[in-house]
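Enquirer: Sequence first, then the predicted structure:
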Amino acid sequence: MMNTMTKVSHTEHHGPASGLGRWFFTTNHKDIGTLYLWFSFTMFLIGGCMALMIRAELFQPGLQLIQPEFFNQMTTMHGLIMVFGAVMPAFVGLANWMLPIMVGAPDMALPRMNNWSFWILPFAFAMMLSTFFMDGGAPNFGWTFYAPLSTTYAPPSVTYFIFAVHMMGISSIMGAINIIATILNMRAPGMTMMKLPLFVWTWLITAFLLIAVMPVLAGVVTMMLTDIHFGTSFFNAAGGGDPVLFQHVFWFFGHPEVYIMILPAFGIVSEIIPTFARKRLFGYSSMVYATSSIAFLSFIVWVHHMFTVGLPLMGELFFMYATMLIAVPTGVKVFNWVATMFRGSMTFETPMLFAIAFVVLFTIGGLSGLMLAIAPADFQYHDTYFVVAHFHYVLVPGAVFAIMAGVYYWLPKWTGHYYPETLGKVHFWCSFIGVNLTFFPMHFIGLAGMPRRVPDYALQFADFNMVASIGAFIFGFSQLIFLVVVIKTIRGGSPATAEVWDEPHGLEWTIPSPAPYHTFSTPPEVK
């Protein structure tokens, strides 16, 4: 005992104890998780402001607020910031906080690398945002940065953008290595792989996806760099290159990337629904296998983003069927969540509301994805607002709602205080209404033929665009309620119990079976 105390005091004496030093040099997984979460929320607000500029411009036909060039910069930076700056770091933050706790490890396997993989990010995004102040302005070629638009016709700032993307990729790869090493090497005795919480499983699979695809992104931006500065012609038809090669390489990264942004969300929802349904998760092993199947299939569907480039018919057929096949394991997961809720003693605290909204709205996004998978129909949908509606339904009420659900669910564990429940529910309902007002009308204007990425549009699209813009502002400003909730909870509130979501919080077990084992409790004794 004395030895332990001596070690602790020794560490405290020599480590940066307080102030900024604590945050710059910390190797504590909880501190680093907190840094990731605050960083991602900051980027979420910055990317959100860009989205609101886009929606303000589209509030009515005609050019009102911003010029087409700046509009293109907004759409580009909004997409990049939300994908690489908001959603991914938020999931990494949740992983940093929860994985060691869930597997019974004292910390992440590689704590110093953990610190480095976070601190790369603010510099990468500072560099990306600084392009707004450079000659020629920020990148204006869309978040998918298709060549040759991004190589031959891009502003000079594209080089800084490429460097920033490299740094984000380095951060992601290091984070993924750390997560795999922690889960495989640092589990508590007796915790076999098939006893891992679902959140741990989904992150393990996501980490392998990251290691597989981030080098592909690095490759494609390096090819861009050599096309711009070193006279190569990878994507320049005049020099014997092929612009469609860019799309193949980019989407070979880009499609697994969209699953990187949703698999950890599946894990979070799989933790929350059993807790508030008072039941074990239905079909645990099928959830693990379904997640693995999704990860495998995500590598053989990338061409569904490219149906209109002039593929051979057999190529279109293969990728159409492969894309439809990926709906099967996803359907298994949705079935299991619904089966878990079925006849459970459900209560509807804020995390559960976000989780249920996730299941319903993510399914809508999945169904529109199946429509887009039909190759002949995709010729009509491609590059219209229908596509925008589809991927925003997957990413906003999908990934973002799951992150919010996770924060509400674990916040009492992190801070020792319960969040104000009423304010949490106000935040949920404002977000829920705002999201649907914003993105549901986009299905209709897309089917009617409105193209993506346009600052102006024909008169017949005006009404739905006005509704979408109003919804966007409702959703955007309701995130300030979220900020208030988090700060109020950190500063105080009713003290949380060790069993956070249990009887002291007014949740009583009303079914005869014993309380389900979840990640924070000790397993019930087997009698």
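Expert: Sure, I can see it.

Enquirer: Contact partners for residue 369?
Expert: Under the criterion of Cβ atoms under 8 Å, 6 or more residues apart in numbering, the neighbours of residue 369 are 323, 327, 390, 394. Glycine gets a C-beta too; all of them are placed from N, C-alpha and C.

Enquirer: what about the first one, which helix or strand?
Expert: Here residue 323 sits within helix 313-341, counting by DSSP states H and E.

Enquirer: Next secondary structure after that helix?
Expert: On the C-terminal side of helix 313-341, the nearest following helix or strand under DSSP H and E is helix 350-373.

Enquirer: what's the burial count for residue 319?
Expert: Neighbours of residue 319 under the rule other Cβ atoms under 10 Å: 21.

Enquirer: Quick check, pLDDT for it.
Expert: pLDDT, residue 319: 97.

Enquirer: what residues are up against residue 67?
Expert: residue 455.

Enquirer: now swap in residue 177 and tell me
Expert: Residue 177 makes contacts with 110, 113, 207, 211, as judged by Cβ under 8 Å, 6+ apart.

Enquirer: need these in TSV with pLDDT, distance to residue 25 and neighbour count, can you?
Expert: Below are the contacts of residue 177 laid out as TSV (pLDDT from 0 to 100; distance: Cβ to Cβ, whole Å; neighbours: other Cβ atoms under 10 Å):
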residue	pLDDT	distance to residue 25	neighbour count
110	97	15	18
113	97	14	16
207	98	25	27
211	98	27	15
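
Enquirer: In helices, which of those residues fall?
Expert: 113, 207, 211 (DSSP state H).

Enquirer: Helices along the stretch 51-200 of the chain, start to end?
Expert: Here the stretch 51-200 of the chain has its helices, by DSSP state H, counting those that start in this stretch, at 68-80, 88-103, 111-130, 158-185, 198-229.

Enquirer: quick one, the shortest one and helix 111-130 angle?
Expert: Right, the one you point to is helix 68-80. 170 degrees (axes from the mean of the first three to the mean of the last three Cα atoms, to 10 degrees).

Enquirer: Could you measure from the nearest residue to residue 434 once chain neighbours are set aside over to residue 489?
Expert: Among residues not flanking residue 434 along the chain, residue 475 sits closest, at 2.9 Å (Cβ to Cβ, 6 or more residues apart in numbering). Distance from residue 475 to residue 489, counting by Cβ to Cβ, to the nearest Å: 21 Å.

Enquirer: Give me the most central residue, this structure.
Expert: residue 87 (3.3 Å; Cα atoms, centre = their mean).

Enquirer: which regions of the stretch 201-350 of the chain lie under the pLDDT threshold?
Expert: For the stretch 201-350 of the chain, not a single residue meets the criterion pLDDT under 70.

Enquirer: now the stretch 401-527 of the chain
Expert: For the stretch 401-527 of the chain (pLDDT under 70), the answer is 502-527.

Enquirer: the helices in it, which residues?
Expert: Under the criterion DSSP H, counting those that start in this stretch, the stretch 401-527 of the chain contains helices at 401-415, 421-447, 462-491.

Enquirer: residue contacts, residue 250?
Expert: When contacts are counted by Cβ under 8 Å, 6+ apart, residue 250 touches 144, 145, 146, 217, 220.

Enquirer: Highest neighbour count among those?
Expert: residue 220 (26 neighbours).

Enquirer: Check the gap between it and residue 253 for me.
Expert: Residue 220 is 7 Å from residue 253, by Cβ to Cβ.

Enquirer: got it, and residue 491?
Expert: The spacing between residue 491 and residue 253, counted by Cβ to Cβ, is 41 Å.

Enquirer: Which one's more surrounded, these two?
Expert: The residue with more neighbours, out of residue 491 and residue 253, is residue 253; 21 against 9, by other Cβ under 10 Å.

Enquirer: What is the end-to-end distance of stretch 138-158?
Expert: The first residue of stretch 138-158 is 8 Å away from its last residue (Cα to Cα, to the nearest Å).

Enquirer: let me fix that: stretch 384-404
Expert: Stretch 384-404: ends 29 Å apart by Cα to Cα.

Enquirer: Tell me how far it lies from the chain's centre.
Expert: Here the centre of stretch 384-404 is set off from its chain's centre by 10 Å, with Cα atoms, centre = their mean, to the nearest Å.

Enquirer: What residues sit buried inside stretch 485-493?
Expert: Under the neighbour-count criterion of 16 or more other Cβ atoms under 10 Å, stretch 485-493 has 485, 486, 489, 493 buried.

Enquirer: Export these to JSON lines and append columns for distance to residue 43.
Expert: Formatted as JSON lines, the buried residues of stretch 485-493 follow (distance: Cβ to Cβ, whole Å):
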{"residue": "485", "distance to residue 43": "19"}
{"residue": "486", "distance to residue 43": "16"}
{"residue": "489", "distance to residue 43": "21"}
{"residue": "493", "distance to residue 43": "27"}
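
Enquirer: can you name the two of the residues you listed that are farthest apart?
Expert: The most widely separated members of the buried residues of stretch 485-493, counting by Cβ to Cβ, are 486 and 493 (11.1 Å).

Enquirer: Mutual contacts of the two, please.
Expert: Here residue 486 and residue 493 have residue 419 as joint contacts, going by Cβ under 8 Å, 6+ apart.

Enquirer: Just give me the closest of the buried residues of stretch 485-493 to residue 33.
Expert: Residue 33 lies nearest to residue 486 out of those, by Cβ to Cβ, at 13.8 Å.

Enquirer: Let me see the contact set for the closest one.
Expert: Applying Cβ under 8 Å, 6+ apart, the residues contacting residue 486 are 407, 411, 419.

Enquirer: Provide a list of residues in contact with residue 332.
Expert: Neighbouring residues of residue 332 by Cβ under 8 Å, 6+ apart: 283, 286, 287, 290.

Enquirer: These in helices, which ones?
Expert: Checking the contacts of residue 332 against DSSP H, those in helices are 286, 287, 290.

Enquirer: Spit out the contact partners of the second one.
Expert: Looking back up the chat, that one is residue 287. Going by Cβ under 8 Å, 6+ apart, residue 287 touches 198, 201, 266, 270, 281, 332, 333, 336.

Enquirer: Please give me every residue in contact with the fourth one.
Expert: With contact set as Cβ under 8 Å, 6+ apart, residue 270 has these partners: 198, 199, 202, 281, 287, 333, 337.

Enquirer: State the helix or strand in which it lies.
Expert: Using DSSP H and E, residue 270 sits in helix 263-277.

Enquirer: Off-centre distance for that helix?
Expert: Taking Cα atoms, centre = their mean, the mean C-alpha location of helix 263-277 is offset from the chain mean by 15 Å.

Enquirer: Excluding chain neighbours, what is closest to residue 266?
Expert: residue 202 (5.3 Å).

Enquirer: Thought residue 264 was touching the one you found, still the case?
Expert: Yes. With contact defined as Cβ atoms under 8 Å, residue 202 counts as touching residue 264 (5.3 Å).

Enquirer: re earlier: using TSV, lay out the contacts of residue 287 together with distance to residue 106.
Expert: Shown next, in TSV, are the contacts of residue 287 (distance: Cβ to Cβ, whole Å):
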residue	distance to residue 106
198	22
201	21
266	27
270	25
281	27
332	35
333	32
336	32
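
Enquirer: Let's see if you can find the most crowded of the residues you listed.
Expert: residue 266 (27 neighbours).
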